[in-house]
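Student: This is the structure alone, sequence omitted:
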């Protein structure tokens, strides 16, 4: 990390791909603060990047990583993030690494789609990156074209980095569903 910051000062920075690979290696080693420093996450004041899903995705753990299988998945679209579930397995469809200080937070999202059986509603989960302790689960309302969902979570002491993950649940009644999440935001409330 120090070498990358020095190279930046000398106007010979790492490429985005090199920086992304370094960040992923740091995250894999549990060195979240250093990965955050590499991207200036502790200084820029943003709690969440690209809450409208318009920015880049991929190798940088602070951008959205999207996954897809036959039974569930996510993809960027002009209106935000398109998700689907159509099988007997649910899973992680989108995630982003956060560096939030200890405190209480509110997560708000806007989505549309469905209809979705109550037991198959997708949800956001915030968990500690080290150890995996869950800080909160927030259901995604799919009751209309611009349904709003709100929930709170706490970041405890010793949880220096967190994963924000969007999950789909298994859906056993065909044909499944498709939905669009247009926005997600996190704000500190205490």
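Tutor: In hand now; what should we look at? No experiment lies behind these values; they were computed from the predicted model shown. Residues are numbered from 1 along each chain as shown.

Student: From here on, just use CA atoms for contacts and neighbour counts.
Tutor: Fine.

Student: Name the surrounding residues that touch whichever strand or helix holds residue 126.
Tutor: Residue 126 is located in strand 123-128, with elements delineated by DSSP states H and E. Residues outside strand 123-128 that contact it (CA atoms under 8 Å, 6 or more residues apart in numbering) are 133-140, 153, 155, 159-168.

Student: let's see 10 Å
Tutor: By CA atoms under 10 Å, 6 or more residues apart in numbering, the residues outside strand 123-128 that reach it are 92, 94-99, 107-109, 132-141, 149, 151-156, 158-169, 184.

Student: Can you tell me how far residue 76 is from residue 142?
Tutor: 18 Å (CA to CA, to the nearest Å).

Student: Pick out whichever of those two has more residues nearby.
Tutor: Each of residue 76 and residue 142 has its neighbours counted (other CA atoms under 10 Å); residue 142 has more, 25 against 20.

Student: Surely the more buried one is within a helix?
Tutor: No: when classified by DSSP: H, G, I helix; E, B strand; the rest coil, residue 142 is found to be coil rather than part of a helix.

Student: Ranking helices and strands of this structure by mean pLDDT, which lands last?
Tutor: helix 2-9 (a mean of 58; mean pLDDT, DSSP states H and E).

Student: Contacts for the next helix or strand after that helix, please.
Tutor: Toward the C-terminus, helix 2-9 is succeeded by helix 16-28 as the next helix or strand (DSSP H and E). The contact list for helix 16-28 (CA under 10 Å, 6+ apart) reads 1, 4, 13-15, 29-39, 58-63, 97, 129-130, 161.

Student: Which SSE is immediately downstream of helix 16-28?
Tutor: Next along from helix 16-28, by DSSP H and E: helix 32-38.

Student: For that next one, buried residues please.
Tutor: Within helix 32-38, the residues that count as buried by 16 or more other CA atoms under 10 Å are 32-36, 38.

Student: just stretch 142-154 next, same as before
Tutor: Across stretch 142-154, burial judged by 16+ other CA under 10 Å covers 142, 146, 148-154.

Student: Max pairwise distance over these: which two?
Tutor: The two members of the buried residues of stretch 142-154 with the most space between them (CA to CA) are 146 and 154, at 26.2 Å.

Student: shaky segments in the chain?
Tutor: Scanning the chain for pLDDT under 70 picks out 1-12, 42-45, 58-59.

Student: What ranges does it have for its strands?
Tutor: With strands called from DSSP state E, the chain shows them at 65-66, 72-77, 80-85, 91-98, 103-113, 123-128, 134-139, 147-155, 162-168, 177-188.

Student: Nearest approach to residue 53 belongs to which of the ones you listed?
Tutor: Closest among the strands of the chain, using CA to CA: strand 80-85, at 5.3 Å.

Student: Using TSV, lay out the buried residues of helix 32-38 together with distance to residue 118.
Tutor: Output for the buried residues of helix 32-38, formatted as TSV (distance: CA to CA, whole Å):
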residue	distance to residue 118
32	36
33	38
34	40
35	38
36	37
38	41
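
Student: follow-up on the earlier one: nearest to residue 175, of the buried residues of stretch 142-154?
Tutor: Among the buried residues of stretch 142-154, residue 142 lies closest to residue 175 (CA to CA), at 16.1 Å.
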